[in-house]
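Participant: Kindly return the folded structure for what I paste below:
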Amino acid sequence: MFELRRIKQLINIDIMGNAEKGITVVNGEVFRPQFDKLVAINQKANYLPTVAIRGKAKNSDHYYFSEKGIPSFFIYSMGGPGFYHDVMDTAASLQLTHYEKVAQCLIEFVNQL
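Facilitator: Purely as a prediction, here's the structure:
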């Protein structure tokens, strides 16, 4: 265990199947400086077509950290077949075509914190 104030950034990656159209960053509007840094990294390296911004949401594990003031993103992919929590949402239906670019962008982001 350690103090929450030691966390520089929480990144919750969920619903990461394709990302051919990019990613959406929940809490991007809340933690705008960090979001702008992520966008700049993506634009410089051209990892993804889009890094879309979204506001605050209670829809995943990031929420409780952000409520304590910890810069927290919930990131999900855009593109692909769009199966989400239904009978077609299987490992076989995942295309996994751009996840490595998402990873490269986020690794560079974390390394600059």
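
Participant: Could you tell me the end-to-end distance of stretch 62-71?
Facilitator: 9 Å (CA to CA, to the nearest Å).

Participant: what's the answer for stretch 4-11, then?
Facilitator: Chord length of stretch 4-11, first to last residue, is 14 Å (CA to CA).

Participant: and that stretch, average pLDDT?
Facilitator: Averaging pLDDT along stretch 4-11 gives 95.

Participant: what's the answer for stretch 41-49, then?
Facilitator: Mean predicted confidence for stretch 41-49 is 98.

Participant: Only the buried residues of it, if you could.
Facilitator: I41, N42, Y47, L48, P49 (16 or more other CB atoms under 10 Å). Any C-beta I mention is one placed from the backbone N, CA and C, and that applies to glycine too.

Participant: who does the longest strand seen in the chain touch, helix- and strand-wise?
Facilitator: Taking DSSP state E as the criterion, the chain has its longest strand at strand 72-78. The contact analysis (3 or more CB pairs under 8 Å, 6 or more residues apart in numbering; DSSP states H and E) places strand 72-78 against strand 10-13, strand 22-26, helix 32-45, helix 62-66, helix 99-111.

Participant: In CSV, list these along with distance to T90.
Facilitator: Shown next, in CSV, are the helices and strands packed on strand 72-78 (distance: least, CB to CB, whole Å):
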stretch, distance to T90
strand 10-13, 19
strand 22-26, 22
helix 32-45, 29
helix 62-66, 26
helix 99-111, 17
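
Participant: Tell me which of these is the most buried.
Facilitator: Comparing the helices and strands packed on strand 72-78 by mean neighbour count (mean count of other CB atoms under 10 Å), strand 22-26 ranks first with a mean of 23.

Participant: That strand pairs with which strands, parallel or anti?
Facilitator: Sheet pairing here is set by DSSP bridges, and for strand 22-26 it gives strand 51-54 (parallel), strand 72-78 (antiparallel).

Participant: what would those strands look like in JSON lines with mean neighbour count and distance to R6?
Facilitator: JSON lines is the format used below for those (neighbours: other CB atoms under 10 Å; distance: least, CB to CB, whole Å):
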{"stretch": "strand 51-54", "mean neighbour count": "18", "distance to R6": "26"}
{"stretch": "strand 72-78", "mean neighbour count": "24", "distance to R6": "14"}
